[in-house]
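[1] Give me coordinates for this.
(2 chains)
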Amino acid sequence: MEDETFDTDLIHAIFKHIWTKRYLERERNGGNDALDSEQVGAGTSKKNRPTSANAHALKLSCELLRVFIAEAVGRAATIAEAEGVSKIEATHLERILPQLLLDF
Amino acid sequence: MEGDGNEIDAERYEEDESVTDILRDRFRLSTISIAETQAKKHGMQISEPIIACISELAFKYTAHRNEHVASTLRSFYDDLKAKEPQSERKRKKASKNKDKATTSAVQFPDL
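    Below is the predicted model:
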């Protein structure tokens, strides 16, 4: 059975949402300066080209997120098992979080 | 004029928030199924707040990671673009010199 994972369209939508947000923020803060510094030497046709990600990059991002969640649950489960309980609680997650965030 | 700008900003902010909420909810649904499958594999149960917590963390991680990768790629792109016209000019100059006089020193573009 194949592992459950994220929908690439969903991840793409999240990425696009963040890109748009950042673009608007930069535009608001620095006027055209931010845009110009970003497009140094670029041709005029590329001036307003939106950021994009190809299918492989999206698939990889989905996999990275799946592994992140799987690791979080897996490591918390190991702690819970060591304590002899069968339910993962907040304390178990708390104990694995520092190393998890360092690893990703 | 300024009032109009603020209104547009407020509208845009609200719209933005609602889109974020929808995306976050869809993301959470996927996280729930992944986390439950994983917990089952380990023969464990997982409480609902923990899944919500992991989901929120992963969602923020997506935004943070994405921003970081995007800024790295952008600066890499800027570097390449800044170098490109210069090397092209040098290449043209070098070929011109070659045509003019074969006895003079040949200029190689810096790598």
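
[2] which residues does residue A:15 contact?
    The contact partners of residue A:15, by Cβ atoms under 8 Å, 6 or more residues apart in numbering or on different chains, come to A:53, A:58, A:61, B:62, B:66. C-beta here means a position set from N, CA and C on the backbone, and glycine is covered the same way.

[3] Please tell me how far it sits from residue A:67.
    Distance, residue A:15 to residue A:67, by Cβ to Cβ, to the nearest Å: 18 Å.

[4] in chain A, which spans are strands?
    A:87-88 (DSSP state E).

[5] Show me where it has its helices.
    Along chain A, counting by DSSP state H, helices occupy A:8-30, A:33-38, A:55-82, A:90-103.

[6] same thing with chain B?
    Under DSSP H, chain B gives helices at B:2-41, B:48-100.

[7] Out of those, which gets the lowest mean score?
    Lowest mean pLDDT within those: helix B:48-100, a mean of 78.

[8] what about residue A:60, neighbour count?
    14 (other Cβ atoms under 10 Å in any protein chain shown).

[9] likewise residue B:47?
    Per other Cβ under 10 Å, the neighbour tally for residue B:47 reads 15.

[10] Now stretch B:48-67: buried residues?
    B:50-51, B:53-55, B:57-59, B:61-63, B:65-66 (16 or more other Cβ atoms under 10 Å in any protein chain shown).

[11] which outside residues touch stretch B:43-55?
    Contacts of stretch B:43-55 from elsewhere in the structure, counted by Cβ under 8 Å, 6+ apart, are A:69, A:72-73, A:76-77, A:80-81, A:86-90, A:93, B:24, B:27-28, B:31-32, B:35-36, B:39.

[12] Buried among those? Make that a PyMOL selection.
    To isolate the buried members of these in PyMOL, using 16+ other Cβ under 10 Å:
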select buried, (chain A and resi 69+72+73+76+77+80+88+89+93) or (chain B and resi 27+28+31+32+35+36+39)
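
[13] Adding mean pLDDT, write the helices of chain A out as JSON lines.
    What follows is the helices of chain A, written out as JSON lines (pLDDT from 0 to 100):
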{"stretch": "helix A:8-30", "mean pLDDT": "86"}
{"stretch": "helix A:33-38", "mean pLDDT": "46"}
{"stretch": "helix A:55-82", "mean pLDDT": "94"}
{"stretch": "helix A:90-103", "mean pLDDT": "94"}
